[in-house]
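**Student:** A structural model of the following input is requested.
(chains A, B and C)
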Amino acid sequence: MEALAEVLPEEEENHKLVIFAWSGDLDKVWPTLILATTASAMAWEVTVFFTFWGLTPLVKNDVRITGENWMQKMMSVMNRGGTEHLKLSKMNFAGAGPAMMKRLAREHKVASPQELLEMAREMGVRLVPCQMTMDLMGLRREDLVEGLGAPAGATSALLEAEGATTLFI
Amino acid sequence: MEALAEVLPEEEENHKLVIFAWSGDLDKVWPTLILATTASAMAWEVTVFFTFWGLTPLVKNDVRITGENWMQKMMSVMNRGGTEHLKLSKMNFAGAGPAMMKRLAREHKVASPQELLEMAREMGVRLVPCQMTMDLMGLRREDLVEGLGAPAGATSALLEAEGATTLFI
Amino acid sequence: MEALAEVLPEEEENHKLVIFAWSGDLDKVWPTLILATTASAMAWEVTVFFTFWGLTPLVKNDVRITGENWMQKMMSVMNRGGTEHLKLSKMNFAGAGPAMMKRLAREHKVASPQELLEMAREMGVRLVPCQMTMDLMGLRREDLVEGLGAPAGATSALLEAEGATTLFI
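**Tutor:** A predicted model of the protein is given here:
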């Protein structure tokens, strides 16, 4: 029966979590990073594939305008990147909502997106930016925070997802 | 060959559905509860983990203001809980959209969120509120409807999700 | 050891991707179709189950008003169907956002939703409209593009999802 283990699919042994992080909203970045760090603490292998608006929190907080042409620049102004500038998907109230939410989080000892992002990196969560989104939005590698995996595409993300617990957030 | 069954992974035998119900919008609560009750009718084991805005439909319909401090109270006023007060994520039109949608649903014999929630409970779907969200929003156990599972966190949710069909809605 | 292959669950051999395409927003239709066609190119079996707003891109571009009663007609006017009329979930700016996004996509050789939809069809991706949504919105088979699978319900979708990589988008 020992030989059997070899033919059983690998994913039954190493649990994996793959998150397609599509949203850049504060209220979705939070569950993405909480689930990623929690799964990592449970010794799961975790990959977060940041795509579309999901790249927003990966932009450095002190980078103001990104992009190579006026359209990309304009979009970066309307949708400033960085963990400190995330908005709520509802009840944003020009920033009052996120401020209240962050204060409530602090009072209840819930880590901030910035802290969770650093924690994820230190725990070995693979944080992978989507190459196509970077091209579309004109984001360069140096606009994004340190410690990310090499930019990748849908094929790599799907290969990771095979046999894993997958969530599109 | 009979011994083989024992080593095959358990999830091939008991199918499970785990939904991370993040949204409190009418148009997302509907698919969450339709998928949960449908899977339950197919004899799948179903757990719905209600987190963030997802807790909104679990608040009792007659509870008006929830929370312990002014921020939480204000949020509950802006985002009233209960299955009867859910809004559409788009085309809400100050409540006209949800009213039309509910009327169309009635005409086509689609159960309401309230009916689906009761059905889910009776069918044995595990309805689990997220402890962290309850803390953040100042929701007490008595603000929520009866028949829920014990509040839990991300670790329990992920343990359930292992080997299950998982959806983040 | 050869006999073993026969008893191993089928899903370990044919990888499947099942997407619950709930959203009709341009920025979600894009990842849905990119993931579907990419997985298909990887020889995965792919089913996209279009439900709720997700049916929007399946409506023919030249169909103006759909529905059988005034409520359904009004909703189709407010939320015009067809791949050419999709809106962004944020930064829509009365159509300026989608126009910019599509131009950026063209410049970076990213296929349009219309092209991706046709590609998906030709590659054999199963595109399944949700029967209940069609009833609710009064959409008839002839309002929708050619080449779709037979309309189906939650049960069929869940049966497909069993053992597959599943995403709710």
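**Student:** May I have stretch A:24-35 as PDB, with CA atoms only?
**Tutor:** Taking C-alpha atoms only, stretch A:24-35 is exported to PDB below (Å, rounded to 0.1, in the frame of the first residue of the first chain):
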ATOM      1  CA  GLY A  24      -8.500  47.100  -4.600                       C
ATOM      2  CA  ASP A  25     -11.200  48.100  -2.200                       C
ATOM      3  CA  LEU A  26     -10.200  48.200   1.500                       C
ATOM      4  CA  ASP A  27     -13.100  45.900   2.500                       C
ATOM      5  CA  LYS A  28     -11.900  43.200   0.100                       C
ATOM      6  CA  VAL A  29      -8.100  43.700   0.600                       C
ATOM      7  CA  TRP A  30      -8.700  43.000   4.200                       C
ATOM      8  CA  PRO A  31     -10.300  39.500   3.800                       C
ATOM      9  CA  THR A  32      -7.700  38.700   1.100                       C
ATOM     10  CA  LEU A  33      -4.800  39.300   3.400                       C
ATOM     11  CA  ILE A  34      -6.500  37.900   6.500                       C
ATOM     12  CA  LEU A  35      -7.200  34.600   4.700                       C
END
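**Student:** Residues contacting it, please?
**Tutor:** If you take Cβ atoms under 8 Å, 6 or more residues apart in numbering or on different chains as the criterion, stretch A:24-35 is touched by A:17, A:19, A:21, A:23, A:48, A:52-57, A:79, A:81, A:83, A:86-90, A:98, A:101, A:110, A:113, A:116-117, A:119-120, A:167, A:169, B:20, B:22, B:51-53, B:132, B:154, B:158, B:168. Yep, even glycine has a C-beta here, placed from its N, CA and C like the rest.
**Student:** ok, now with 6 Å
**Tutor:** A:19, A:21, A:53-54, A:56-57, A:86, A:88-89, A:98, A:113, A:116, A:120, A:169, B:52, B:154 (Cβ atoms under 6 Å, 6 or more residues apart in numbering or on different chains).
**Student:** For residue A:127, give me its contacts.
**Tutor:** Residue A:127 touches A:48, A:148, counting by Cβ under 6 Å, 6+ apart.
**Student:** Next, give phi and psi for it.
**Tutor:** phi -110, psi 110 (degrees, to the nearest 10).
**Student:** try residue A:22
**Tutor:** The phi/psi pair for residue A:22 (degrees, to the nearest 10) is phi -90, psi -30.
**Student:** didn't it look like it was pressed against residue A:52?
**Tutor:** Yes - counting by Cβ atoms under 6 Å, residue A:22 does reach residue A:52; the two are 5.1 Å apart.
**Student:** Which one of the two is surrounded by more residues?
**Tutor:** Legend: neighbour count by other Cβ atoms under 10 Å in any protein chain shown for residue A:22 and residue A:52, higher for residue A:22 (26 against 22).
**Student:** before we move on, the earlier item: show me which of the contacts of stretch A:24-35 is closest to chain C.
**Tutor:** Of all the contacts of stretch A:24-35, chain C sits closest to residue A:53, with 7.1 Å by Cβ to the nearest Cβ.
**Student:** quick one: contacts for that closest one?
**Tutor:** Contacts of residue A:53 by Cβ under 6 Å, 6+ apart are A:23, A:24.
**Student:** Mind checking which of the contacts of stretch A:24-35 are in helices?
**Tutor:** Assigned to helices by DSSP state H, the following of the contacts of stretch A:24-35 qualify: A:98, A:113, A:116, A:120, B:154.
**Student:** out of these, which are buried?
**Tutor:** A:98, A:113, A:116, A:120, B:154 (16 or more other Cβ atoms under 10 Å in any protein chain shown).
**Student:** wait, the first one sits on residue A:88?
**Tutor:** Yes - with contact taken as Cβ under 6 Å, residue A:98 and residue A:88 are classed as touching, separated by 5.3 Å.
**Student:** Enumerate the residues of chain A near chain B.
**Tutor:** A:4, A:12, A:15, A:27, A:34-35, A:38-39, A:91, A:100, A:104, A:108, A:165, A:167, A:169 (Cβ under 6 Å from any Cβ of the partner chain).
**Student:** Check these and tell me the two furthest apart.
**Tutor:** Across the residues of chain A next to chain B, the longest distance by Cβ to Cβ is 55.0 Å; it joins A:4 and A:100.
**Student:** circling back: let's have the ones in helices among the contacts of stretch A:24-35 in CSV, adding pLDDT and distance to residue A:149.
**Tutor:** Converted to CSV, the ones in helices among the contacts of stretch A:24-35 look like this (pLDDT from 0 to 100; distance: Cβ to Cβ, whole Å):
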residue, pLDDT, distance to residue A:149
A:98, 92, 28
A:113, 95, 19
A:116, 97, 17
A:120, 98, 12
B:154, 97, 23
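**Student:** Okay, strands next: where are they in chain A?
**Tutor:** Shown for chain A, the strands assigned by DSSP state E span residues A:16-21, A:45-50, A:126-129, A:165-168.
**Student:** got the buried residues for the top helix by length along chain A?
**Tutor:** In chain A, taking DSSP H as the definition, the longest helix is helix A:26-41. Neighbour counts over helix A:26-41 (16+ other Cβ under 10 Å) mark A:26-40 as buried.
**Student:** Which residue, other than its chain neighbours, is closest to residue A:130?
**Tutor:** Of all residues not flanking residue A:130 in the chain, residue A:51 sits nearest, at 3.8 Å (Cβ to Cβ, 6 or more residues apart in numbering or on different chains).
**Student:** Now the closest residue to residue A:77 other than its chain neighbours. Its backbone dihedrals?
**Tutor:** Leaving aside its sequence neighbours, residue A:77 sits nearest to residue A:65 (Cβ to Cβ, 6+ apart; 6.1 Å). Reported as degrees, to the nearest 10, the phi and psi values for residue A:65 are phi -120, psi 130.
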